[in-house]
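# Kindly return the folded structure for what I paste below:
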Amino acid sequence: MEILFTSNALLALLTLTFLEIILGIDNIVFLSIVSGKLNAEDQPKARRIGLLLAMLFRIILLFGITWVLSLQDTLFSIDLGAVFQAHVTGQSLIIFGGGLFLLYKSVSEIHHKLEGEEEGTTGKASSSLSKAIVQIALLNIVFSFDSIDPPPTSVGISKFRPTI
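As a prediction, this is how the structure comes out:
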């Protein structure tokens, strides 16, 4: 128990906390964009559910860090000689899929802002609460994997041993 309260452990915990806060900022930005499209009375509920999901997904993935680390095994390799070589892992496929989803959401938001409202829609009420929650859940999963992406922040910080 006394190992938890050493200066090294407390410094590692503090560093990990600051890194998680920084990594969570982009999650909050997307959460506010998605919840901002809802009716005014649904926005606080969507934000609360989104933040709760973000916390739960990160905790679940941190408990399953050994599973996430096992996804680093090579599934297949692409070798085009000296031009291109790649080893595809399960984790890289998850990160790639999440990146595509974030790219889609970003481009669709930019398109929506540039093109304006479509005929027959009112803008804020065009998105339902359940649709927004699904989008928020997908975004939270992507950002949760991103926050423990190898080298996993939590594993890397726990091996960090500063001298004081």
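# drop to CA atoms for contacts and neighbour counts, all remaining ones
Fine.
# Centre-most residue in this structure?
F143 (0.1 Å; Cα atoms, centre = their mean).
# ok, longest helix in this structure?
helix 7-35 (DSSP state H).
# list the helices and strands that helix packs on?
Under the contact definition 3 or more Cα pairs under 8 Å, 6 or more residues apart in numbering; DSSP states H and E, helix 7-35 sits against helix 43-63, helix 129-147, helix 153-158.
# Any stretches of this protein with poor pLDDT?
Across the chain, the ranges flagged by pLDDT under 70 are 1, 23, 65, 68-69, 117-127, 146-164.
# With distance to F18 added, can I get the helices and strands packed on helix 7-35 in CSV?
Below are these laid out as CSV (distance: least, Cα to Cα, whole Å):
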stretch, distance to F18
helix 43-63, 15
helix 129-147, 12
helix 153-158, 11
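# quick one, which of those helices is nearest to T89?
Of all the helices and strands packed on helix 7-35, the one in closest proximity to T89, counting by Cα to Cα, is helix 129-147 (14.1 Å).
# who's in contact with that closest one?
Helix 129-147 is contacted from outside by 20, 23-24, 27, 30-31, 34-35, 38, 42, 46, 49-50, 53-54, 57-58, 61, 95, 98-99, 102, 153, using Cα atoms under 8 Å, 6 or more residues apart in numbering.
# And stretch 75-93, by the same measure?
By Cα under 8 Å, 6+ apart, stretch 75-93 touches V68, L71, Q72, D73, T74.
# for it, which positions count as buried?
T89, G90, Q91, S92 (16 or more other Cα atoms under 10 Å).
# Confirm that the third one sits in a helix.
Yes - counting by DSSP: H, G, I helix; E, B strand; the rest coil, one finds Q91 located in a helix.
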